[in-house]
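Asks: any chance you could fold what I've pasted below:
(chains A and B)
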Amino acid sequence: MEQHNARTTVGDALPEIQIPITLQRLVMEAGANRDFSLIHHDAEVAQSAGASDAFANTFFLMGMFERLVRNWAGPHMRLKKMGPLKMLNFNVVGDTLVFKGSVVAVEPAESGEKCVLDLCCESARGQTTTCVVELIKEK
Amino acid sequence: MSDVGWGLWGSWEQTEACLNTVVGQWTGPDPVERGSIRRWLEPKEFECAIHTDASAARAAGFSDLVAPAAMVFTYGVAPYWSPGDPPKRIDDEPTQIQIPVIFNVPAPCNKSFATSMEIEFAEPLYPEDIVGCTSKLTRIERKTLKVGAGAFLRQEDTYTKQTGEIVAVAQLDIFRFYAELGDSA
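Replies: This is a model prediction of the structure:
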């Protein structure tokens, strides 16, 4: 868990997370998040949908973005909104994904600070996913 | 397996008839509990005590150990088999996750993938909460992409807990399209 600064400013960067996508991770993820669509663990079916291999599902991406902001903002953070989350490219077996982002707006809120963050996921092919997040960092 | 397609087949007129109607409603089979939270955190290597330790969660202002917000999707997934359902046979089509705009809404399409999602969170999920989901088809936009001709369909999912409180409201955009069987698109 990261240490959490008391004050947030526009431009603050979140500590990056790297995570390799293996078929084992995708299978573990499917079992844990209950999305057993074949495109997320069967290469042939994934290829018929235009991907090069089995690819990570939406629930995994949202969970990773939640991990990214939770690590940065700490236990007192309240997640208010995720999205639009846009899938620009597939995140397939063999990719090492990098989740990162920065603060684009901060304003006072009744219980602390309301922050808006621009987040993204990148692979060796470039940006694969983008996500805007709104959260409250409570005092 | 290269000829596998999915989704409810029908005409675009049948798709249009579903616009702004409830296309799916169910209750997740499992209550929120520590074990499923741990298994969800595991493949993401997600470490945060509020999801594993009730005292840490209370210290952060929650009333109990709290599930990650994005887990609402997981607790809201319909069961793949329930007591009373017929047994699966070897030649049955694989059961897919319940995405009503794919499997309950007819369209002349045999493939699909998610393109965008947005979700607003309200009440946190605590142990023993049960999540229900109501889905509506709220938008249809016909489009041709490089994978094939089809349409973007927007599904609005309202997740509630057993008390009736809203946990989250999500907007999911799915691109459904037609691909020739055996075509790698």
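Asks: quick check: most distant residue from the centroid of chain B.
Replies: B:A59 (31.8 Å; C-alpha atoms, centre = their mean).
Asks: now it. Nearest residue, chain neighbours left out?
Replies: Spatial nearest neighbour of B:A59, chain neighbours left out: A:P75 (7.4 Å); criterion: C-beta to C-beta, 6 or more residues apart in numbering or on different chains. For glycine as for every other residue, the C-beta is placed from the backbone atoms N, C-alpha and C.
Asks: how about the CA coordinates for the least confident helix or strand in chain A by mean pLDDT, as PDB?
Replies: Lowest on mean pLDDT, DSSP states H and E among the helices and strands of chain A sits helix A:43-48, with a mean of 91. Extracted as PDB, the C-alpha positions of helix A:43-48 are listed here (Å, rounded to 0.1, in the frame of the first residue of the first chain):
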ATOM      1  CA  ALA A  43      -7.800 -18.800 -28.000                       C
ATOM      2  CA  GLU A  44      -9.800 -20.000 -31.000                       C
ATOM      3  CA  VAL A  45     -13.000 -18.400 -29.900                       C
ATOM      4  CA  ALA A  46     -11.100 -15.200 -29.100                       C
ATOM      5  CA  GLN A  47      -9.600 -15.200 -32.500                       C
ATOM      6  CA  SER A  48     -13.000 -15.500 -34.100                       C
END
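Asks: got the phi/psi numbers for whatever residue of chain A ends up closest to chain B?
Replies: Relative to chain B, the nearest point of chain A is A:G83 (2.9 Å; C-beta to the nearest C-beta). Per-residue torsions, A:G83: phi 120, psi 160 (degrees, to the nearest 10).
Asks: ok, the nearest residue to it once chain neighbours are set aside - contacts?
Replies: Nearest residue to A:G83, sequence neighbours excluded (C-beta to C-beta, 6+ apart): B:E118, at 2.9 Å. For B:E118, the contacting residues are A:K81, A:M82, A:G83, A:P84, A:L85, B:A170, B:Q171, by C-beta atoms under 8 Å, 6 or more residues apart in numbering or on different chains.
Asks: what sits closest to the last one if chain neighbours are left out?
Replies: What it means is B:Q171. B:E118 (4.6 Å).
Asks: name the element that neighbour belongs to?
Replies: Taking DSSP states H and E as the criterion, B:E118 maps to strand B:111-121.
Asks: doesn't A:V106 make contact with A:V10?
Replies: Yes: taking contacts as C-beta atoms under 8 Å, A:V10 lies within contact range of A:V106: 6.0 Å.
Asks: those two - which one has more neighbours?
Replies: More crowded of A:V10 and A:V106, by other C-beta atoms under 10 Å in any protein chain shown: A:V106, with 18 against 11.
Asks: the stretch of helix or strand the more buried one belongs to and chain B, are they touching?
Replies: Taking DSSP H and E as the criterion, A:V106 maps to strand A:96-109. No: Strand A:96-109 stays clear of chain B (C-beta under 8 Å from any C-beta of the partner chain), getting no nearer than 9.9 Å.
Asks: quick one: list the elements packing against that strand.
Replies: Secondary-structure packing of strand A:96-109 (3 or more C-beta pairs under 8 Å, 6 or more residues apart in numbering or on different chains; DSSP states H and E): strand A:17-20, helix A:58-73, strand A:112-123, strand A:126-138.
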